[in-house]
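*Asks:* sequence-free structure coming up:
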């Protein structure tokens, strides 16, 4: 199996890695960063960064400090700092957050809401 080195830099160490052949379903809550290389259906809530690998497919919602997308996400995302959709990335859903970076070649379809209170933050209040 060829391991592809990501062309990004995370400020914090990744504590959890979901491998290439993994398929997970449910709710993930973590205080650390997480890297998904497999497929996931459900909800991810991270107090760190979330990295979606280039072959990964996610169906569900993601809340994180930072999100890097090289794979595919179908669902809404809520980020505190930034979301970056890399050239191989695809996101279909609404984005809530401060900063959005979309590389040339990336795919995005949805709404972008910057500097607003997201529905998930309203539910928490």
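*Replies:* Sure, I can see it. Owing to the predicted nature of the structure, the values given are computational and were not obtained by experimental measurement.

*Asks:* Kindly provide the distance from residue 23 to residue 53.
*Replies:* Distance, residue 23 to residue 53, using C-beta to C-beta, to the nearest Å: 14 Å. Heads up, the C-betas are built off the backbone N, CA and C, glycines and all.

*Asks:* What of residue 98?
*Replies:* Distance of residue 98 to residue 53, given as C-beta to C-beta: 24 Å.

*Asks:* Next: residue 79.
*Replies:* Per C-beta to C-beta, residue 79 is found 18 Å from residue 53.

*Asks:* My guess is residue 21 contacts residue 55. True?
*Replies:* No. Residue 21 is beyond contact range of residue 55, at 10.1 Å (criterion: C-beta atoms under 8 Å).

*Asks:* mind listing what's buried in whichever helix or strand residue 65 is part of?
*Replies:* Element membership of residue 65 [criterion: DSSP states H and E] is strand 57-69. By neighbour count on 16 or more other C-beta atoms under 10 Å, the buried set for strand 57-69 is 57, 58, 60, 61, 62, 63, 64, 65, 66, 67, 68, 69.

*Asks:* and the residue nearest the centre of the chain, what does it touch?
*Replies:* Nearest to the mean C-alpha position of the chain, counting by C-alpha atoms, centre = their mean, stands residue 67 at 4.3 Å. Residues in contact with residue 67, defined by C-beta atoms under 8 Å, 6 or more residues apart in numbering, are 49, 50, 51, 52, 77, 79, 82, 83, 84.
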